[in-house]
Each structure stands twice: as C-alpha cells, then as structure tokens.
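1. Here is a sequence together with a model predicted from it:
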Amino acid sequence: MKLSEAVELFINFKSKELSPRTLKEYRNDLKLLQKQIGDIPVENIKTAHLIVFRSSLNCSPSLINRRLSALNSFFNFLVDMELIEKNPIKPSLRIKKVKQRVPEALTEDEVKKVLKAAAERSYRDYLMVKTILQCGLRISELLSLTKESIVDYRGRKVLRVIGKGGKERFIPLTGEFAEELCRYAETCQTEKLFPLTYQGAKYIFNRIKEKTGINLHPHKLRHTFATILVDRGVDIRVIQAFLGHASPNTSARYAKVRDELMFKVVDSVFSNTGHLQT
C-alpha cells in the first residue's frame, strides 16, 4: 500500500476518536513526510527516511517531537493492520530535554481589561472568555460545548466537557456563573453554545488583543485559570482533574480526587471575589 493510501486509512480510523483540529495536524504532518520521501509503499519506509525527514524540519524542538509522535502513532497503526512488520520510528529520533517555557498568565488587572473588551464586543464573546477563565477549557473543548453540556449534578450545575481522546470530565460552576450560562443558552439559536470555527474564535481573540494591547490567546486564559488555583494553594491533583490532563502519569491520581473537593474549590476561589468580574 502506498503512503498516501495508508494516510487516508489512518485518518479515517482516527476520526472516531480525535478532534477535527488534531486530525488536521496529523494529516499535515504525514503530508510533510510524503513530500519529503515521496508516495512510496509503506513497507519500504525505513528509519533512514525518517532521519532525513527530521533533518528537513525547520521548526522548534517541541514541534519536531510532536510531529514524530504523530508519525509514531501512524506507524503503530500500520503494524496493527499488518501492513508493515515493525515501526521505523526509533526513540533516538526524538529531541531530548526540550526546554519548556513557563506559560504566561494574565494579571488580575489584565483579566478585568480582557473581560471588559470582550463584553463590549458581545455577550457571547464575554462568556467565551469567562468560560475558559473559570473552567480552564481548551479552545477545542469550548467550541464543542452544547446546551446539553450544562447538566445538573448533586443539586447544582456542572459543565460536561469532552476532552482529548473523547474523555469526559465535569467542571462545577458557581451559582452566579451557572445562571449567566443558562440564560445565554436559552437565547442561543443553535445547539452549540459558541457556534464558531477555530479560525473564527482566533479572530475574536485577536480583536480583543488589539483593543487591550494584551497578548492574548486561548491557552493563556487556560493557564491563567490554573495559575489562580495554584496561587490559592489548590492541590496539584485537583488542578490536573480540572484541566483534564490525560497522561498515564496523572490519570491514576484523578481517581483520588473527590467531587466534593472540586465543588469546594470552585466555591472558594471563584465565588464572591474580584476575579473574573467586569
């Protein structure tokens, strides 16, 4: 089977479990490989081809590792399908000890400015920003929210979020924010709370950035949420549960986090404070 045919088979298989954005990234990574080595039969792809491919990448070490990770998933799939005998990706191809930059977070004053600018655009834009800030969502998770994502649990409102790999988690909402979100949901003309593409959301964040002069992107809001919790002394296991990190190193610890503890965190951190208010 040629590389291009195997890519389509792989993408079709992964479409059941990955977000459209991740699928697009996988496809782009595999297209780069095909451009470099040609549309050759997959059984002919050797580690030497991948060494040449890695050398051709003109990007950051973390992005190189991410692309190699995508290729690794692809070749493991081909092994499972018995289209190749073994995965040609070797551990030595990855760049070790990638220096991680500490993500920036908004200050409390910047949070107020960003929310104010978003509210001046529209109530929808305001709630988009506030939902990430108060729930720590990824942009893909935010854009997949529907009216049915707001559910009742133990006598209060929680947000049902579908994260990476289709994994489900529940984010408790404060009473005030739950009321805001429910009122907004009643006015929505579509099932989706924020019926936007990723590019559409990016446009909104760029306009808020221009208005405030604050460097802004969705992940910075997500990191701000985590930083607020850290500053309040919230246990790292609880923060990981809120953020929905799905690595094997943290999944075992999620089971130890009680629902009541997450409720208490939301009530103590986000209720009746100066945070996240316009």
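-> That came through, no problem.

2. can you give me the helices in the chain?
-> 3-14, 20-37, 47-56, 61-80, 108-121, 123-135, 139-143, 175-187, 198-212, 218-231, 236-243, 248-254, 259-270 (DSSP state H).

3. Show the contacting residues for the residue nearest to Val129 when sequence neighbours are not counted.
-> Distance criterion C-beta to C-beta, 6 or more residues apart in numbering; nearest residue to Val129, sequence neighbours excluded, is Ala118 at 4.4 Å. Backbone N, C-alpha and C define where each C-beta goes, glycine included. Contacts of Ala118 were listed using C-beta atoms under 8 Å, 6 or more residues apart in numbering, and they are 125-126, 128-130, 204, 208.

4. any chance you could read off phi and psi for Trp137?
-> Rather than Trp, residue 137 is Leu. phi -80, psi 150 (degrees, to the nearest 10).

5. For burial, what's the neighbour tally of it?
-> Leu137 has 26 neighbouring residues, counting by other C-beta atoms under 10 Å.

6. Report the contact partners of it.
-> With contacts defined as C-beta under 8 Å, 6+ apart, Leu137 is in contact with 131, 161, 171, 222.

7. Let me have those residues in a markdown table, extended by pLDDT.
-> What follows is these, written out as a markdown table (pLDDT from 0 to 100):
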| residue | pLDDT |
| --- | --- |
| Thr131 | 95 |
| Val161 | 90 |
| Ile171 | 89 |
| Arg222 | 88 |
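
8. which one of those has the most neighbours?
-> Thr131 (24 neighbours).

9. check contacts around that one.
-> Contact partners of Thr131, counting by C-beta under 8 Å, 6+ apart, are 137, 142, 145, 159, 181.

10. where are the low-confidence patches of the stretch 151-278 of the chain?
-> Counting by pLDDT under 70, the stretch 151-278 of the chain contains low-confidence residues at 245-262, 272-278.

11. how does it look with 50?
-> Across the stretch 151-278 of the chain, the ranges flagged by pLDDT under 50 are 247-258.

12. residues in contact with Ile11?
-> Listed by C-beta under 8 Å, 6+ apart, the contact partners of Ile11 are 23, 26-27.

13. what's the pLDDT at it?
-> According to the predicted model, the pLDDT of Ile11 comes to 93.

14. Tell me how far it lies from Glu5.
-> Between Ile11 and Glu5 the distance, using C-beta to C-beta, to the nearest Å, works out to 11 Å.

15. Same check on Leu143?
-> Distance of Leu143 to Glu5, given as C-beta to C-beta: 31 Å.

16. These two - which one has more neighbours?
-> When neighbours are counted by other C-beta under 10 Å, Leu143 comes out ahead of the other of Leu143 and Glu5, with 22 against 13.

17. distance of the more buried one from Ile95?
-> Using C-beta to C-beta, one gets 31 Å for the distance from Leu143 to Ile95.

18. ok, now Arg138?
-> Going from Arg138 to Ile95 by C-beta to C-beta gives 24 Å.
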